[in-house]
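*Asks:* Okay, structure incoming, though there's no sequence with it:
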Ligand code: E4P
């Protein structure tokens, strides 16, 4: 399973990359606003840090505009994946960009039928948002199970990227279902490495080590 960082903050992206456990990066306009820097400049820097897929999100509402933005993003680096929203226009853009050899991530997916349409449009990645579904009282992970089943039934190769992850439980649930990718904020990525008993164990071993006779 690939683990991506959901961020446009290059200092935390660097920290994630240093662990060698970070396989890619996803960004969106909200994350770009938080970073407070010119978007293309940030994307260029991210692509120099992360060798795996880096998603760059379009903001046009029409297919023509999305394709134009996508082509520009694809010139930044080879590992750029263009994000388009799950709309009729988004699916037109997905087909056009895919035909040009540009990889597409279909974002803002909240239903299994939307994921089916994304796969039929040739998406490289589909991004169902589990956290935002949980937020409105639905079970986000049920959507991942449904998409996995549908993609397996029809042998779609579109990769399921579990997005809008809020905690480590989302990550292992996504892994158990067999999603190819999980993207998460740095705070969750960091938590994956930790367990209270690991810290307690290290403390105890270090205390006991002091009692071990040393060579004089
Ligand atoms: C994924 O590509 C999205 O950028 C992201 O996971 C959205 O997460 P949020 O619901 O926490 O904003």
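*Replies:* In hand now; what should we look at? Please read all numbers here as calculations on a predicted model, not as lab measurements. Numbering: from 1, shown residues only.

*Asks:* what does the protein have sitting close to the ligand?
*Replies:* 6, 26, 28, 107, 127, 129, 131, 132, 163, 164, 183 (CB under 6 Å from any ligand atom). For the C-beta atoms, the positions are set from N, CA and C on the backbone; glycine is no exception.

*Asks:* helix/strand/coil for the last one?
*Replies:* Using DSSP: H, G, I helix; E, B strand; the rest coil as the criterion, the local structure at residue 183 reads strand.

*Asks:* Contact partners for the residue most central in space within the chain?
*Replies:* Geometric centre of the chain, nearest residue: residue 183, 3.1 Å, by CA atoms, centre = their mean. Going by CB atoms under 8 Å, 6 or more residues apart in numbering, residue 183 touches 3, 4, 5, 6, 24, 25, 26, 127, 161, 162, 163, 165.

*Asks:* What is the neighbour count of the residue nearest to it when sequence neighbours are not counted?
*Replies:* Using CB to CB, 6 or more residues apart in numbering and skipping the chain neighbours, the partner closest in space to residue 183 is residue 4 (3.8 Å). Residues contacting residue 4 under the criterion other CB atoms under 10 Å number 26.

*Asks:* swap in residue 120?
*Replies:* Residues within reach of residue 120, counting by other CB under 10 Å, total 14.

*Asks:* Quick check: it vs the ligand, distance?
*Replies:* Per CB to the nearest ligand atom, to the nearest Å, residue 120 is found 21 Å from the ligand.

*Asks:* And that residue, what's its pLDDT?
*Replies:* The per-residue pLDDT reported for residue 120 equals 98.

*Asks:* Phi and psi next, for it.
*Replies:* For residue 120, the backbone dihedrals are phi -60, psi -20 (criterion: degrees, to the nearest 10).

*Asks:* so who does it touch?
*Replies:* When contacts are counted by CB under 8 Å, 6+ apart, residue 120 is found next to no other residue.

*Asks:* Which parts of the protein are helices?
*Replies:* Taking DSSP state H as the criterion, the chain carries its helices at 10-18, 29-35, 39-49, 63-74, 88-99, 112-120, 130-135, 140-154, 168-177, 186-191, 196-211.

*Asks:* Burial check on the closest residue to residue 158 other than its chain neighbours, number of neighbours?
*Replies:* Closest residue to residue 158 in three dimensions, ignoring its sequence neighbours and counting by CB to CB, 6+ apart: residue 119, at 4.2 Å. As a burial measure, the neighbour count of residue 119 was computed by other CB under 10 Å and equals 20.

*Asks:* Surely residue 119 touches residue 151?
*Replies:* Yes. The criterion here is CB atoms under 8 Å, and residue 119 meets it with residue 151 at 6.4 Å.

*Asks:* which residues are in contact with both of those two?
*Replies:* Once CB under 8 Å, 6+ apart is applied, the residues that residue 119 and residue 151 both contact turn out to be residue 158.

*Asks:* Leaving out chain neighbours, which residue sits closest to residue 39?
*Replies:* Once its chain neighbours are removed from consideration, residue 39 has its nearest residue in residue 32; the separation is 4.8 Å (CB to CB, 6+ apart).
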